[in-house]
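[1] turn this into a structure:
(one chain, ligands or ions: 1)
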Amino acid sequence: MAPVFSPPLHRQRHQFVIDFVKRQKPQKVVDLGCSECSLLKKLKFHREIELLVGVDINGAIIKKKMHGLAPVSTDYLQPSYDQLRIELYQGSVTQKDMRLRGFDLVTSIELIEHLTLDDVERFSEVVFGYMTPVAVIVSTPNSEFNPLLPVLAGFRHSDHKFEWTRAEFQSWALKVCLAYGYDVEFTGVGKAPPGQQERVGFCSQIGVFHRLGGRESSNVLSDDDAEDGFSYTLLYSINYPSLRDNNILRRVLVSEVLYWAEKLKRRWMEEKTGERDEAEECLRASEQRIEMEEKQTAACGARTNHPVEQCGREVLEVQEGEDEEVFWNNRKGQQESCILHRSVSVPLAVLWSCCPKVSALSGSLSNLRHLLMDEPNVKLSQDGSAVLLQEQDLEEEEEEEEDNDVEDSGYGEASQCPHSAEQEGDWEANI
Ligand code: SAM
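    Predicted coordinates:
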């Protein structure tokens, strides 16, 4: 009975690489013979990878699908701390290019059988002798499996220059290891029907090579190698939006601050005009709790090696500690919202303590103030301690309000915030 692979064999090969990436967490990965970039499209979701490169001799085949590697709208709207750059090159694996040195992982999936044996030698020298990655995954057809494939006469593809037995593949791999300082494990994907596995092996045989000495071992370029420079042609490059880019961090922070400030303003105004009854209040409180939990979870999804991405109670406490003076002064002082000169003032301390994403993005209250200081879209109070929002809906009330003492306009909502404080002080003095 002819074997039918489920999932299909090409997916099994890619899954093998993905499983390796999940375990080893390489930061720089290059796929040689990337063809239509289908493996790269799967790898781009692996947050450890910071540089993802594809190389193929056939530029047209890369160009056909390369735009599928571009960021999508959510990558712009909700960027994370992850960094990812993707580069695609037209070039031959028999030629050296300096940009491909120093990678953690090189993959060569069903590529070497498209090379002449002389070119396989060059490939070995380029990949193992010049690029010297920490790990290499090479897959190639196992010719011993071919008799099990239906209606196959000759090679599996018309462009194949050879198809190796397991012994031939292992002989080449062991020579490479000896010459360039690697060790190798042999495995594969595409199992034979029951009882035949040992006799014929996997349909696609795979060698996983590790550089001796691992990441710590480094190699020095010879003078000849150093002159190789750039022999590949860059076809495509893209940087994914990341919160590590200060401009992007500011943009996201500003939109988050404006969103929450507006929300807090509305709640406060509803309270002030008595539009909210108790039942609604309860409902809102629980809705908001859920929403905040979701936000907190989202903020926690950020990478863990950034200082401000750690969120939740513990870090909040640490940040409070760091900023104690400013934070507590603000809390004890002007914590409440109020209307001032047709603007509603929402204290940064309230925003910082009520909105997990704002606190995660800014890291501390003083940082938040600093980051918002020169933002054209955010109007801060004169002392920089509150966001001022236009008061549109309640102009009549505002006039009334001006006749009364502004101090009375207590920000009742503050009591629902985890770090809210009693109202003290006079906002107007600070505007
Ligand atoms: N790796 C792909 C995957 O897993 O989906 C499939 C690879 S396809 C079978 C072989 C690819 O190797 C082709 O896209 C071909 O253009 C490319 N190729 C052949 N010779 C090459 C060379 N000397 N340098 C770079 N790429 C080469």
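[2] for the stretch 51-200 of the chain, what lies in contact range of the ligand?
    55-58, 61, 92-94, 109-111, 114-115 (Cβ under 6 Å from any ligand atom). (Each C-beta comes from the backbone N, C-alpha and C, glycine too.)
[3] put the buried members of these into a ChimeraX selection.
    To isolate in ChimeraX the members of these that are buried, counting by 16 or more other Cβ atoms under 10 Å, one can use:
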select :55,56,57,61,92,93,94,109,110,111,114,115
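[4] which members of the residues of the stretch 51-200 of the chain next to the ligand are positioned in helices?
    Counted as lying in helices by DSSP state H, out of these, are Ile61.
[5] so which of the residues of the stretch 51-200 of the chain next to the ligand belong to strands?
    Val55, Asp56, Ile109 (DSSP state E).
[6] packing partners of the top helix by length along the chain?
    Of all segments of type helix in the chain, defined using DSSP H, the longest is helix 246-272. Applying 3 or more Cβ pairs under 8 Å, 6 or more residues apart in numbering; DSSP states H and E, one finds that helix 246-272 makes contact with strand 343-347, helix 348-354, helix 356-362, helix 365-373, strand 386-390.
[7] okay, and for this structure, where does confidence drop off?
    1-3, 218-228, 275-341, 392-431 (pLDDT under 70).
[8] number of residues surrounding whatever residue of it ends up closest to the ligand?
    Among the residues of the chain, Gly33 lies nearest to the ligand; the distance is 3.0 Å by Cβ to the nearest ligand atom. Using other Cβ atoms under 10 Å, Gly33 is surrounded by 22 other residues.
[9] which residues touch it?
    The neighbours of Gly33, taking Cβ atoms under 8 Å, 6 or more residues apart in numbering as the test, are Val55, Asp56, Ile57, Val93, Ser108, Ile109, Glu110, Leu111, His114.
[10] per-domain residue ranges of the protein.
    9-244, 246-295+303-399 (automatic domain parsing).
[11] the strands in this protein, which residues?
    28-32, 51-56, 85-90, 105-109, 135-141, 182-189, 204-211, 233-239, 338-340, 343-347, 386-390.
[12] winner for burial among these?
    For those, average neighbour numbers computed from mean count of other Cβ atoms under 10 Å are highest in strand 343-347, which has a mean of 26.
[13] that one: how far from the chain's middle?
    Centroid separation between strand 343-347 and its chain, computed with Cα atoms, centre = their mean, to the nearest Å, is 35 Å.
[14] can you tell me which of the ones in strands among the residues of the stretch 51-200 of the chain next to the ligand is nearest Trp268?
    Val55 (57.6 Å; Cβ to Cβ).
[15] from what I can see the closest one touches Gly91, true?
    Yes. Counting by Cβ atoms under 8 Å, Val55 touches Gly91, with 5.4 Å between them.
[16] so what sits against both of these two?
    Tyr232.
[17] between the helices and strands packed on helix 246-272, which one is nearest to Asn239?
    With Cβ to Cβ as the measure, helix 356-362 is the member of the helices and strands packed on helix 246-272 nearest Asn239 (19.7 Å).
[18] so which elements touch the closest one?
    Looks like helix 356-362 contacts helix 246-272, helix 278-300, helix 348-354, helix 365-373 (3+ Cβ pairs under 8 Å, 6+ apart).
[19] what comes up buried for the first one?
    This points to helix 246-272. 249-254, 256-257, 260-261, 263-265, 267-272.
[20] tell me, how many residues neighbour the nearest residue to Trp260 once chain neighbours are set aside?
    Nearest residue to Trp260, sequence neighbours excluded (Cβ to Cβ, 6 or more residues apart in numbering): Cys355, at 4.4 Å. The number of residues packed around Cys355, counting by other Cβ under 10 Å, is 25.
[21] and what of Glu125?
    Glu125: 16 neighbours (other Cβ under 10 Å).
[22] ok, Asp159 - contacts?
    Contacts of Asp159 by Cβ under 8 Å, 6+ apart are His114.
[23] same check on Asp75?
    When the contact criterion is Cβ under 8 Å, 6+ apart, the partners of Asp75 are Tyr240, Pro241.
[24] and it, how far from Lys41?
    Relative to Lys41, Asp75 is positioned 14 Å away (Cβ to Cβ, to the nearest Å).
[25] also Gly129?
    From Gly129 to Lys41 the distance is 30 Å (Cβ to Cβ).
[26] same check, this time on Asp119
    27 Å.
[27] same check on Asp97?
    Computed with Cβ to Cβ, the distance linking Asp97 and Lys41 is 23 Å.
[28] Arg166 too?
    Taking Cβ to Cβ, one finds Arg166 at 30 Å from Lys41.
[29] what do you get for Arg99?
    Relative to Lys41, and taking Cβ to Cβ, Arg99 is found at 21 Å.
[30] just list the residues touching the residue nearest the centre of the chain, thanks.
    For the chain, the residue nearest the mean C-alpha position is Asp82 (3.3 Å; Cα atoms, centre = their mean). Shown in contact with Asp82 (Cβ under 8 Å, 6+ apart): Arg47, Glu50, Tyr240, Ser242, Arg303.
[31] what's the local residue count around the first one?
    Just to be clear, that refers to Arg47. Arg47 sits with 15 neighbouring residues when counted by other Cβ under 10 Å.
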